[in-house]
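Undergrad: please work out how this folds:
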Amino acid sequence: MGILSSVNLIFARSAFLLFLAFSCLKDVNIILENPSVLLLTQAMDLPALVLSAYSAQLGLFSLFFFLMAVNDIIPLLEKNTKYFQSIVPLRSMIFFIITALSYYWQDNLYIHNNAVFIYSFCELWINFLIFSAVREERVEEFKTRNEITLEEPVEEVDIVMTSSQELEAAEYDED
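TA: Below is the predicted model of the structure:
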């Protein structure tokens, strides 16, 4: 296991979501006015979202982010690998669609803005990393469960390939 194990990545995703929940309650402009976010917004030619720090929706978004973080921490503490093997590809597909829609659907400013694009892009990237780590760990587990030990090495048998004319001649000689 390396630094990018599925457990570490899932904890990192949960920490990211908890940071977003805290930022929504404290001051959402910490995120929206970040130079990296503004650079990506201008590079992707997206409209910048401006929110008041006292917007009523921020409490709901904070609760949403908090529950998503808890939704990953509980199965992780139970070591429920089947959950992550099934949910992570679905999440990746959903966030890929949301990322594409937020970039291409320019008529709808509810979706076509920097906050939706950057959040869904980060989720897509993190879920792809988790998917790769979970898949690699599943392959390693399969190898350890199905390990075959041979005491003697298998000798290779040379197979001589013959043409169809030689086979017909051999059959003719036998008759």
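
Undergrad: contacts, neighbours, all on C-alpha from now
TA: Fine.

Undergrad: who's in contact with Ala115?
TA: Going by CA atoms under 8 Å, 6 or more residues apart in numbering, Ala115 touches Leu32, Ala48, Leu49.

Undergrad: next SSE after the one helix or strand it maps to?
TA: Using DSSP states H and E, Ala115 falls within helix 114-145. For helix 114-145, the succeeding helix or strand toward the C-terminus, using DSSP H and E, is helix 164-174.

Undergrad: circling back: what is the nearest of the contacts of Ala115 to Asn146?
TA: Ranked by distance to Asn146 (CA to CA), those are led by Leu32 at 49.9 Å.

Undergrad: that closest one contacts Leu38, correct?
TA: Yes. Leu32 lies in contact with Leu38 (CA atoms under 8 Å); the separation is 7.4 Å.

Undergrad: Glu168: how many residues sit nearby?
TA: Using other CA atoms under 10 Å, Glu168 has 10 neighbouring residues.

Undergrad: ugh, wrong one, I meant Leu20
TA: 22.

Undergrad: equivalent analysis for the one 5 residues further on, please.
TA: Under the neighbour criterion other CA under 10 Å, Leu25 is assigned a count of 18.

Undergrad: wait, it touches Leu58, no?
TA: Yes. Leu25 is within contact range of Leu58, at 6.6 Å (criterion: CA under 8 Å).

Undergrad: re the thing from before, what average pLDDT does the helix holding Ala115 get?
TA: What helix 114-145 shows for mean pLDDT is 89.

Undergrad: what comes up buried for that helix?
TA: Neighbour-count burial for helix 114-145 flags 114-118, 120-121, 123-124, 126-134, 137 (criterion: 16 or more other CA atoms under 10 Å).

Undergrad: restrict the contacts of Ala115 to the buried ones and give me that as a PyMOL selection.
TA: For the buried members of those, the matching PyMOL selection, counting by 16+ other CA under 10 Å, is:
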select buried, resi 32+48+49
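
Undergrad: would you convert the contacts of Ala115 into TSV that also reports pLDDT?
TA: Formatted as TSV, these follow (pLDDT from 0 to 100):
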residue	pLDDT
Leu32	84
Ala48	77
Leu49	76
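
Undergrad: out of the contacts of Ala115, which is nearest to Ile74?
TA: Using CA to CA, Leu32 is the member of the contacts of Ala115 that lies nearest Ile74, at 29.6 Å.

Undergrad: and Asp72, how close does it get to Ala48?
TA: Distance from Asp72 to Ala48, counting by CA to CA, to the nearest Å: 30 Å.

Undergrad: again, but for Ser5
TA: Counting by CA to CA, the gap from Ser5 to Ala48 is 34 Å.

Undergrad: in the helix or strand hosting Val70, what counts as buried?
TA: Taking DSSP H and E as the criterion, Val70 maps to helix 57-77. Neighbour-count burial for helix 57-77, counted by 16+ other CA under 10 Å, picks out Leu58, Ser62, Leu63, Phe65, Phe66, Leu67, Met68, Ala69, Asp72, Ile73, Leu76.
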